[in-house]
Every structure is written in C-alpha cells, then in structure tokens.
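# What follows is a predicted structure for the sequence shown.
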Amino acid sequence: MSTHTYKKFENSDSGDLPDKMTIYQDCMNEFNESPVNSKRCRLLISRLLRLMAQGETFPESEATALFFSVSKLFQHQNDSLRQAVYLAIKELSGISEDVLMATSSIMKDVQNGSDLIKPNAIRSLTVVLDESTAFSAERLLKSAVVSKNPTISSASLTASYHLLPISETTIKRFTNEAQEAVVDLKPFPQNDVTGDYYPNSTFITQYHALGLLYQLKKNDKMSLMKLVRQFAETNNLKNQLAKVQLVKLVNDIVQRDPQLFTQFQQLLYNWLSNKFESVQLETSKLITSFATTNPRLVSPELFAAAIQTLQGLLTVPRVTTKFAALRILNRISMVSPEKIVICNPELESLINDSNRNVSTYAITILLKTGTAKNISSLISTITKFIHEVSDDFKIIIIDAVRTLSLNFPQEWKSILNFLIDVLKNGEGGFKFKNSIVEALIDIVSFVPQSKELALENLCDFIEDCEFNEILVRILHLLGKEGPYTSNPSLYVRHIYNRVVLENSIIRSAAVVSLSKFALAKNDPTLKDSIVSLLKRIANDKDDEVRDRASIALQFIESSESTGDSAKDLIQAKYSYDYQSLESKLVSYMSDSDAFKAPFEGSTVRRITDDEAKAMDLKRKQEQLQSGSLESGAGSSGSLESGSTPDERADKATYKGPSVDQHKEDLLATKYADELLSIEQFKEFGTLVNSSNSVALTEPEAEFVVRGVKHLFKEHVVFQFSITNTLTDVILDNVSVACTPEDPENSQLEELFTIPIDRLAPSTEAASYIAFRKSEDIVMEGFLCNLTFTTKELNPDTNEPFDGDEGFQDEYEIDSIFLNAGDYIKSSFIGDFTTTFDELPNEEVAVYNIHENISLQEVIDKLVTNTSCLPLENTQFAPNDSNSHVLKLFGKSALTGVKIALTVRMIKSSKGIALKAQGKSEDATLCADLVNGLM
C-alpha cells in the first residue's frame, strides 16, 4: 500500500472509498502473517466492511480466499478482533464457497467463549448452517436461549428466528425454551461489571422470544389466543416492544376471525391506559382500523376510549408520539371525520407547532373534519406555512384540499384561490405541481361555475411551467373546456404562444388543442383565425407538428360538407369503454384470419362525456369512503415479514381505480363481450345497458350463482354465471329456469335458453335466458331454479364413469328482479338544484322501513337500486345525525332523458321514514323509479 493511499484511508474526514484490490491484498497479507497484529487486522476488516456496505463485491474465488483468511484469525484470542471477525464472516458468507468449514470454530466459541463474543458467534451461525447441519447446533442454541445473560439469550432467539425457514423441524423444538425466555426476567450479571457503572436490562429478550413464539404458532389460532391470554393476564411483560408485539398478535387473530374481537374488548380497553405510549398508539390503531371494516363489532365505548387516548397523546411533549397519533387520526378522518371532531381543540393548538410535519398533519385533519363555515379560515391558515414544509407534506395538504372540493363544491372560490396561489408561487417538484393540477382539473370537471376562473389562471401558469407532462395535460384541458366558455378567444393566444415558444412535444399538443376552438359555438368568427394560425403551423420544422396541423385543417375544412363526422374527430362527444376496446383489439390481433376484414369499432361500447364524469366522480367518492384517495392510508401493521400490500411506485400522485374496482370493471366488460360474441344475440342489435352482477347464492354454497341483466331495445337477456365448487362432481346440461312471479300478467316472452353443456369442478361458466319485451319499461320478478344433471368423477381419469347417466337435480336460488333502475345510467350534472327545478314531470312516494338498519345502509341500497349518481357529497350520512337528504341523478339508457331524485329520510325509534321526490322528462320512468325504490 502506498503512503498516499494509506494516509487517505486514515483521514477520518475523507469520504473516498478504499481501493478494492488494495484492501484485498492487504487483508490476504496481514491475516496470514505470524504473529497477528490484532489492531492492524481490525482496521483492515473495518475497511473491508465499509467497502461491502457501499455495494462493492468480490468474485467468488477472491471472496472464498478472503473468508478462509479471516477464519484463520480464530487462532488469536483477542475478543475485540474476534467480534470484527464475526462481522466479516457474516458479510462474506453469502458470496463465498465452503462456508461450512468455519462451523466448528464458531460452535467452539458458542460453547466455551467469553460472554462478550458469544452473541456474535451465535448470530454468525445463521449464515453458515444449512438444513443438513442445523440440527448439530440445536443443543447449543437451546442452552443459549435459557442463558441468564440477556445478550446471549437475545442473540440465540434471533438466530433461531432466522434459522426457522432453513430448518423448521429443528427450531420447532424450541417452543418450551422460548416460552421460558418470555417469563424469565434477565438482568445483566453483576460479576461482569467493572467500575461504578451498572447496565440496566431493557428485557428485550421478551420481545425476541415472543416474535419466535408467533412464528412457531402462527398457523394455530387457538394457540395464539392462549398465548395472548397467558401474557396479558400474568403481567410478566416488562419490555414495551414485547407489549406492542402482543397487541399485534391480537390484531392478527381478529383479522383472521373478526367475530373474536368481542373477546378482546376488555383487554384492549386496559391496554389503552398502559404506561407505555407505544402500546397506547398500537392499541388505538388496532381498534380504529378494525372499526373501519367491522363497525358493528366494535362497541361505541371502546372506539370513544381510543379517540380519547389519541386526544391525550396530542398534548404530550414528545414530537414522535404526537406525529404517530396524528397519523392514526388522519386515517380515521378519511372515513369518519365526524368521530374525531372532539379532538379539534388539540388539533387547532398544533397548527402553529414548531415541527412543520406535525402542523401539516394537524391542518390536514382539520380540513377533513371542517364544515362549510370554517373552511375559509382553515385555508388562510394553511397559506401561511405551506411554503415552509417539504414536498411530501405539501402533497398531503393538497390532497386534503382536493377532498374538500368534492365534499363542499359550494366553497369552490376559496379552494380555487388557494390552489392557484400555491401553483403560481409555491416552489416544488413535479409531484407537487401535478397534484395541484389534478385538484384543479377535478374542480373544473365537477364544479362547472369555477371553469372560467380556473382556466384563465392555468393559462397564466403555462407561460412559466417547466414540466412537459403538466403542460400537455393543461393544453388538453383548455382544448376540451375552452371552446364552451363565454369568451373562447381568450385562450387561443395562450395556446398559440406554446406553438411559438415550446419544444415539439408541447407544440404537438397545442395544435390539437387549438384545432378544437374552430368549433366554438359562442364565437363562430374564431374559425377563420384558427385556420389562419394552423396554416402557419403547417410549415413547422417538426414532422409531428406539421402532420397534426395538416390533419386538423383537413377536418375543419371538411366539417362544412361532411358535418358531424369531421366535428366528432376534432372534438369527440364520447369516449370508448377502454377495457372492452383492449379486449377486442387483443382478440383481433391474435387471430390471423381477422386481418381479412377491418377492425369493427362499432361493437365497442361508447361512453358520453356526462357518463364518463359520473364514473370518475363515483370512483373518487368510493376512494374517499375507503380513505385511498389520499396517500398515507393504511392499517395496523402485520406481524408477517414481507406482507405489505402491493403499491404503485407513483402512489403519491396516482388516483386511479383500486385492484378490486378494476376487477369489477373488467368483469362487466368480460360479460358484455361474451354475450355479444354469441350468434343468437347478434340480431338483438346494440346492447343498451348491463347491470352489475348480483349474488343469487351465498359465497360458500355448493354452487355459486351470480346474475347479470342485459338490456336491448326490444329484448332482455339474463346471464347466470355459475361456479361448481364441488371437487368430485361434474354437472351436465346446466341452466336456470326462470318463472315469472305473476305469469298471467307477464309482459316478457321467453324466447330460448342457452345451457352450459358441461361444468367441471372448480370452474365457472355462463347460462343465458332471452326474453322479448316491448320498447317500454318492463319491471318483473322471476323465481329461479338451477337445474342440472349430476355425474360423479372417476379420480383416475378425471372424467365421469363409463355408462353413468347421472341424475336430474334442482337447486333453488334467489329471485332476480328487473326494475326501473336497470334502465338508468349514472350521469353527472353540475347544478343539481337548477336542473331538478327545470324538469317537468314529478312523482312523490313515502316509505316506512321497520328494519334495524342505519341511514348509511339505506343510502347504499338506494344508490344500488336506482343506478343513479349521488351528488353534492350526499352519499355519506353522518353517524351522529338522525336525518339526511340524498340527491341522485341519472339518464335513461333507452332514450337519454334526465331523471333527478331527492330522498329525505328521518330515523326514529320506530324505524326510518323516507320521502322520495322524483322529477324527469319522462313521466313513466319517473313514476316507475320512485314507486319501486325499496
């Protein structure tokens, strides 16, 4: 080693990494010298470990040579050197060969070494043992687990934890010793203490032992319950991490079987007053997260106690405790903000907290628990400090404000002014700016009266925007909404500036946006100006920009002669069902014969702009209810390592559908595609509407049946998706017999049934029944029976036995109903009150519900039965209120006429009283829907 290199390594201020080959050569030389210089060897091992910690590695041959050179240092009896040796062994064992050779030396230290090096030796065993040699360390590990020295016992327990996947049979015999380690309180031995300092034990052994016991018993629910009761009742646990682990054990049990929660309520209540704040936090998190999914199983007293505990933790001086309590309250506020209103005084006192992370969370929660009266004051408070926090917390605040814009659309002015101020004056990266633009797009889409002010300010923002992705999105929004404003020419100048000043990506987007203003109805003279600008752009140096300008000019010129077809290409009035489009394109591309004919796009379902907005708003409402619209949602931590849910890399800004929602959309598309691919249904014409699938049996039944209603102009098709859950029976000729509840007055004529020829075990298939109906709305109920021929399977061939004719059988399933809601599609309207007052035909109905159900359950049922879109955030009923008003809007799937409903409900000791008032352009549809709500 050169003097220059050596001195550089010795400089503690140097940030340079050691040279790999120099370190390798020095280690090989020093470790093989005799006698060994222990101080020099420790220094070299520390450099080697630093090198490997930074990601450097060695080829297998060099790593093996290093490993065996390090193992020679076992001959030196210096304990400090021995500790460094064990660290090197742990790092090198993963890239070296024949690491088993060091086992005997390590075991010797475990058996006869000093208490200082025994823990290091035990931890090293996990990296050198394999399944065939793990049993040889059983006796040593068992004796170490019950050692009176807490560091040795903890090391043995953690080593056993890591050896469990390698040699499960060996470690499973450690149950008694691990149980003893939890109960045995291990202080540090006094005979090892030199001087006046005496270390106090933290009893961390209990935490490690409890973790190992969970891994050994996690598949036995009764053993886990016994474990919890044993340690909760005896009060043997002194370590706070062990107590937190016990709370997580309870969480694991109740997640598997929610009905067991009632057995732990008293225990959880006691833990809320535990002396350790971490235990109080974990217990509160368990109770509140469980109450989100199982509200009926958590007593109001226990939930209130959890909130009260969190309220008390907001006043403690420790920042970490306040921050953790705020995170839990934030999750509750996403779902049930009214339940934490009691914490508002403490939250308001934290707004000016010196720690900006704490103040950010406090103001975010206050925004969610706020009302229309205090939104303005809250937003003015945020404006004062939002520029002082990091981007991550800025995004959290923007998400909370975005939630407000959906909950209180009437307060759009103060919300919009805040977002615009932060967008123009706030410093931040792409995610932060994108979250603001997302919020503004939501306001423009769902609060029409805010459109012009928001678009004007976005025009100012794009003059200085540095992010191409955001610029493209804003230009698209300007092209979509700008032509329908009172003064569309105002936006043309800003868009054209982008063509002059920006790169080719932005210029291309600006051309498309600009072309849409040629069809502006509020300013017909604008068309000539747009044509003139596009002709200039047609000489652009970029191919993409020139092509887009030329195509736009061609469409604009042809719109005068061809009419709507060219206009639709410039400013589309509808979009496609993208799941259906993707499915059909994949099918088209995979079939070589399909290329003989062009792709038929008319078979893909079209979605109007109002329907698309309704779907988008409904998705956002569902995400608000589940708390997933905002980043930071989560549940109580799991005990399983690696059991975190799948997450998107861009979860902070992505607001798309959840996995379950996406599956539901794909399922509906799949059902519709399967139906339209059947020859018998092609003559029925265009599919008008399809209902959501309805469960007609229990999920655990032998045969699981789900029904879907497909509407055509003059036909109705019932689709029954049937799953055979039996493993040893096959079903032939499977169909569903539908009998009208009132056969004499039935308005549906059964045409034909398409049965399932054969339904194998654990498979799903669909049977169909087609009916002819008039063009009017027809509402009927049908009694349903599943009919089939049962045949037993030959386990050898997995086919029915030869000569087995089977036997006919029936299985009764729930009735299926065709109601007025099946003829309606969700649709969005910006001003519900004005639209409601303008509709001509009115119908009123009164209902009395005597069942013991909540207002929220009634609302969910009404939304499902009517297929309408709930507006103005009326789809959520406050838990502490006995009255509510639900506003619903939709359009007829057959004729497109509008229908609006206002449902007033009051809950009393006698039940729930409803008064439904409906208005529509179609008196028949209005009467049928209002009179068939429940």
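That came through fine.

# in the stretch 251-400 of the chain, which spans are helices?
261-271, 277-293, 300-313, 319-335, 344-349, 356-369, 375-385, 391-407 (DSSP state H, counting those that start in this stretch).

# Could you dump these into CSV and include mean neighbour count?
(Each C-beta comes from the backbone N, C-alpha and C, glycine too.) Converted to CSV, the helices of the stretch 251-400 of the chain look like this (neighbours: other CB atoms under 10 Å):
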stretch, mean neighbour count
helix 261-271, 17
helix 277-293, 22
helix 300-313, 18
helix 319-335, 21
helix 344-349, 16
helix 356-369, 23
helix 375-385, 17
helix 391-407, 22
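
# ok, residue 390 to residue 355 distance?
From residue 390 across to residue 355, the span is 12 Å (CB to CB, to the nearest Å).

# Name the residues contacting each of these two.
Both residue 390 and residue 355 lack any common contact, where contact means CB atoms under 8 Å, 6 or more residues apart in numbering.

# which outside residues touch the helix or strand hosting residue 230?
Per DSSP states H and E: residue 230 is located in helix 221-234. Outside helix 221-234, the residues within contact range by CB under 8 Å, 6+ apart are 182-183, 210, 213-214, 217-218, 237, 246, 249-250, 252-253, 256-257, 260, 263-264, 267.

# What subset of those residues is buried?
182, 210, 213-214, 217, 237, 246, 249-250, 252-253, 264, 267 (16 or more other CB atoms under 10 Å).

# If I look at residue 573, what pLDDT would I see?
Residue 573 carries a pLDDT score of 69 in this model.

# Residue 651 too?
For residue 651, the predicted pLDDT is 41.

# if we can go back for a sec, now for the buried ones among the contacts of helix 221-234: which two are most distant?
Between any two of the buried ones among the contacts of helix 221-234, the greatest separation by CB to CB is 19.3 Å, found for 182 and 264.

# low-scoring pLDDT stretches of the stretch 201-350 of the chain, where are they?
For the stretch 201-350 of the chain, no stretch has pLDDT under 70.

# switch the cut-off to 80
Filtered on pLDDT under 80, the stretch 201-350 of the chain yields the residue ranges 201-202, 233-236, 334-335.

# Walking through the stretch 51-200 of the chain, point out its helices one by one.
Using DSSP H, counting those that start in this stretch, helices in the stretch 51-200 of the chain cover 60-71, 79-92, 103-112, 118-128, 138-145, 150-163, 168-171, 175-183.

# ok, now the stretch 751-900 of the chain?
Counting by DSSP H, counting those that start in this stretch, the helices of the stretch 751-900 of the chain are 832-838, 855-866.

# Make CSV from those helices and add mean pLDDT to it.
Formatted as CSV, those follow (pLDDT from 0 to 100):
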stretch, mean pLDDT
helix 832-838, 87
helix 855-866, 86
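
# Buried deepest among these, which one?
helix 855-866 (a mean of 18; mean count of other CB atoms under 10 Å).

# elements contacting that one?
With contacts defined as 3 or more CB pairs under 8 Å, 6 or more residues apart in numbering; DSSP states H and E, the packing partners of helix 855-866 are strand 883-892, strand 898-908, strand 911-920.

# so it versus strand 898-908, what angle?
Computed with axes from the mean of the first three to the mean of the last three CA atoms, to 10 degrees, the direction of helix 855-866 lies at 150 degrees from that of strand 898-908.
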